[in-house]
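# Please find the sequence and the predicted model below.
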2 protein chains.
Amino acid sequence: MSTHNVGIAGLGVVGGGVASILEANREAIKRRTGADIVVTAAAEKDAQRAAEVKLSHGRVVADASALLADDLVHTVVEVIGGTGFAREFVLKAIAAGKNVVTANKALLAAHWAEIMNAARARGVSIGFEASTAGGIPVIRTLREAYVGDNLSRIVGILNGTSNYILSRMTLEKSAFADALADAQAKGYAEADPALDVSGADSAHKIAILARLAFGEDFPIEDVYCEGISSVEQLDVSYALDLGYRVKLLAVAKRRDESVELRVHPCLVKENHPLAHVDGPFNSVFIEGQYVGDTMLYGQGAGRWPSASAVVADLIDVATGRAKTVALRRGEGRLSVRPMRDVEARYYIRFQAVDRPGVLAKISGVLGANDISIASAIQRESRTGRSVPVVILTYPAREGAVQQALAEIATLDVITGKSVLLREEE
Amino acid sequence: MSTHNVGIAGLGVVGGGVASILEANREAIKRRTGADIVVTAAAEKDAQRAAEVKLSHGRVVADASALLADDLVHTVVEVIGGTGFAREFVLKAIAAGKNVVTANKALLAAHWAEIMNAARARGVSIGFEASTAGGIPVIRTLREAYVGDNLSRIVGILNGTSNYILSRMTLEKSAFADALADAQAKGYAEADPALDVSGADSAHKIAILARLAFGEDFPIEDVYCEGISSVEQLDVSYALDLGYRVKLLAVAKRRDESVELRVHPCLVKENHPLAHVDGPFNSVFIEGQYVGDTMLYGQGAGRWPSASAVVADLIDVATGRAKTVALRRGEGRLSVRPMRDVEARYYIRFQAVDRPGVLAKISGVLGANDISIASAIQRESRTGRSVPVVILTYPAREGAVQQALAEIATLDVITGKSVLLREEE
């Protein structure tokens, strides 16, 4: 039996893990799948990292380009990251007739069509299970298990850092800043947490899932994106009192010929399976016409879960299975629904003076904008000055809600910025 | 492009659903996967069922054997059920060089090696995603996504009927008999619910999952099996008070060179993701060395979820992907761990006279058998005669616990049969 030779570009957290699993499990993988996968080369600029990885049948070089010139290498693993050198590397690998397995969500989010078209034209395979939700097999579930279904909705908790922070705020009553500091101390959040807490990382991932589910190359710029840094402990507490958990959700929802694509903090009812996905875990809820409601749960990041997803992709490539996975061709008629036309129930917290008639004024403006109130909470002020007024609406249109909020902001009874959270059912 | 021709044996709940999805989504499946799947024939003895299914490019016959003689048919779908005619049908189909997609867990549980070996020898594919947990893609997750990992544990809620009943008992405080009647009224339970509530259905399914996960043809007889019909409302309530939910779990757990295989009602901590899988839903929790903790959730039965799993298998076969799925070859050294050697924490409820010294007597016997008590509840009797004494143990060996229970049953303070539930962590 001939071996399937792999070159790993980048021996960081994930790349080093991939090398290690393939070394440790080579015989087991061969016995179970028939594929004999060997790391024949790896590239890593950092000399210390490079020295830490021992390849029993390969060499470690400094320059990733060497992998492209290496005729022995059938498949490259791209775990370099970023969209500059990584893009060039992947396109050159494809041009050289090599299969590519990548964990790079930013790259796929930004250059999807370019990479997929190049791979199709050259007849090589692209594996990217590790790009979204780590060890959760969501890419293959969408491409294979549910490819014959008509999917209507994907709702994901796709960023472990944000979920860890919101879980702390919910379960330990932490403030956002403390929960973030704790996430950094535990290694769940980077020193610069912007990509995670801004929602951008989740936006990359939901773009990838939406393209698979709905067969259209939605531009990443069209994903509405709002992060968690403005979520306050007060709102997490109100949500809990009302029977909800606050989660950063990434939503792709088909309605007729348009698709909603949005990332923002959401209220999730306590009895929904996503409500109990806590800590650094990820989860993807998928709704299909035939399969009904399903959910996948697991570790969305980290060395071993991500590396295990790369290894699964390598086995697909080595056994020839990846070749048979056709990417959906665009159905050519789905557009991204503008955010103003999205409908949801809303949680809105106003900060207002503690005086009779405030609720009447606010609800007057809401009513004039066709927004009905489902419930309202106004508690007595302890300071005697400013009180939170919390309102849950019936389903309303985002455009109308934004209009009403702008009008309410000008009322003289309003003392601070209002907070808006959408509910996802 | 040539078509991939399918013959469906059995047009009942699932078979009729498969025909219907393939008719409705033929163009979509072709566009997305490149496979043009056509139902060219179907077999159904029941004339009324046969009349309900309209095939635009096929005929419905009464006798399933006609599908085997039909040279046009590339793949047969076996949704006849049972282990008699269905076994013969599947083996003959394989012998005739046809691929087989089946939803028949009882058949696979009983005749695994015979069917898999025949298929391997003849070079045809066997798809069986629908046999276990319906629309949840657990078969492909074990065979493909996690085939390169070293799995340590699978814990499943695999029987929707039992889970519905236990959920009613938990959330509505129903008695077992009322919850069962309700499940029957709602169509979740058969008129004869024995296969479901006895745990036998779950045993079939965990045997299939264990064979995939651990690569060994464990005999179905070696699965320890205990159903839910002796679960009482009282124990569900005590469990709730103690922070647990009672679930019928199917467990396959590797420890060194042996595997525990068992189905029985279990205590699951409230913060475990399986605790919140309610109603007729199924869920499979999978633990691997690299991937960590993962869980899949969805509808485990019913026309559409099961049919969607059959359709996914047909797409695998039609695209050639199924050909590349090697079944694990046995690692040749894993045995089934005898139940007496299983270790767990135990919930035990004794029924005893309301008299000082009872707890001392019981704990004396437990202690003599190396069983330590983690907590105990003994409430005052309202009737003045017999009281429940509930004990949670530290991890103990099943053999020791059974020995202690036998000894305690002979104590004069014991007034009724004791109840034992294991905790799964």
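The structure has been received and is ready for your questions.
# Not counting its neighbours along the chain, what's nearest A:Ser375?
Leaving aside its sequence neighbours, A:Ser375 sits nearest to A:Leu392 (Cβ to Cβ, 6 or more residues apart in numbering or on different chains; 4.8 Å). Where you see a C-beta, it was placed from the backbone N, CA and C, and this is true even at glycine.
# typed the wrong thing, it's A:Gly17
A:Ala307 (3.1 Å).
# So the one you found belongs to a strand, correct?
No: A:Ala307 is assigned helix when assessed by DSSP: H, G, I helix; E, B strand; the rest coil, not a strand.
# so what secondary structure elements neighbour whichever strand or helix holds A:Val390?
Following DSSP states H and E, one finds A:Val390 within strand A:386-393. If contacts are counted by 3 or more Cβ pairs under 8 Å, 6 or more residues apart in numbering or on different chains; DSSP states H and E, strand A:386-393 sits against helix A:233-241, strand A:343-353, helix A:358-368, strand A:373-378.
# From the chain's centre, how far out is the third one? Work that out for me.
Yep, that's helix A:358-368 we're talking about. 37 Å (Cα atoms, centre = their mean, to the nearest Å).
# try the first one
In this view, helix A:233-241 has its centroid 24 Å away from the chain centroid, taken as Cα atoms, centre = their mean.
# now swap in the second one and tell me
Taking Cα atoms, centre = their mean, the mean C-alpha location of strand A:343-353 is offset from the chain mean by 26 Å.
# Okay, buried residues for it please.
Neighbour counts over strand A:343-353 (16 or more other Cβ atoms under 10 Å in any protein chain shown) mark A:Glu343, A:Ala344, A:Arg345, A:Tyr346, A:Tyr347, A:Ile348, A:Arg349, A:Phe350, A:Gln351, A:Ala352, A:Val353 as buried.
# could you pull out the helices for the stretch 51-200 of chain A?
With helices called from DSSP state H, counting those that start in this stretch, the stretch 51-200 of chain A shows them at A:65-69, A:85-95, A:105-122, A:138-140, A:160-171, A:176-185, A:194-197, A:200-214.
# Spell out which residues make up each domain of chain A.
A:4-131, A:138-299, A:342-423 (automatic domain parsing).
# okay if I get those domains as a markdown table plus distance to B:Arg397 and mean pLDDT?
Below are the domains of chain A laid out as a markdown table (distance: least, Cβ to Cβ, whole Å; pLDDT from 0 to 100):
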| stretch | distance to B:Arg397 | mean pLDDT |
| --- | --- | --- |
| domain A:4-131 | 30 | 96 |
| domain A:138-299 | 31 | 95 |
| domain A:342-423 | 49 | 93 |
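# Return the most buried member of the ones you listed.
Comparing the domains of chain A by mean neighbour count (mean count of other Cβ atoms under 10 Å in any protein chain shown), domain A:138-299 ranks first with a mean of 21.
# Do me a favour and get the end-to-end distance for it?
In domain A:138-299, first residue to last residue: 12 Å (Cα to Cα, to the nearest Å).
# Quick check: residues of the stretch 101-250 of chain A near chain B?
Contacts of the stretch 101-250 of chain A with chain B, taken as Cβ under 8 Å from any Cβ of the partner chain, map to A:129, A:135-137, A:140-141, A:144-150, A:215.
# now do 7 Å
A:Gly135, A:Ile136, A:Pro137, A:Arg140, A:Thr141, A:Glu144, A:Ala145, A:Val147, A:Gly148, A:Asp149, A:Gly215 (Cβ under 7 Å from any Cβ of the partner chain).
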